[in-house]
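**Q** Dropping a prediction and its sequence here:
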Amino acid sequence: MSRKLDDLSDRFRPKAFELLARLTEAGIPVMIIDTLRTEAEHQANLASGASKAVLSKHLPLRLREPLVEGDENAEKSDAIDICPYSVYELSGPDKLQWDSSDLVWRRIGMIGESIGLRWGGRWKSPHDPGHFEWVP
């Protein structure tokens, strides 16, 4: 599992940067939880029920769509998972807010959707409010 923004596709990376910038402007500090997953990591998520998407946008593009040979995005993903901090301390422990009933998740989702991203908080199963993905 990667948290690197460099592991996002060229088409999605600008949107991820915009999402993170707008959250910063809104005073919502977040941690990047996941950008790119290996096939093995994804299979484990499917087996545990953490994911239901066979062709998750966290997988490399080469596994999800036809590409032109030599495409530099072949090993990149089109999704990001984030989590807001409940308490952010520059020094000391950081606490993430995993409780999806907290209203901050709604604010995060509205910001992501306002820039054209698909938000996992709209999904019923699995409900995934920290997930954002590129929409063609």
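**A** That came through, no problem.

**Q** What helix or strand is the residue nearest to residue 122 when sequence neighbours are not counted located in?
**A** Of all residues beyond its chain neighbours, the one nearest residue 122 is residue 109 (7.5 Å), with distances taken as CB to CB, 6 or more residues apart in numbering. In this view, the C-beta of every residue, glycine as well, is placed from N, C-alpha and C. Taking DSSP states H and E as the definition, one finds residue 109 inside helix 103-114.

**Q** in that helix, what counts as buried?
**A** Residues of helix 103-114 classed as buried: 104, 105, 108, 109, 111, 112 (neighbour count, 16 or more other CB atoms under 10 Å).

**Q** need the strands for the chain, in chain order.
**A** Residue ranges of the strands in the chain, as given by DSSP state E, are 30-34, 79-87, 95-96, 118-119, 131-133.

**Q** of all the ones you listed, which gets the most neighbours per residue?
**A** Compared across these, strand 131-133 shows the largest average neighbour count, a mean of 26 (mean count of other CB atoms under 10 Å).
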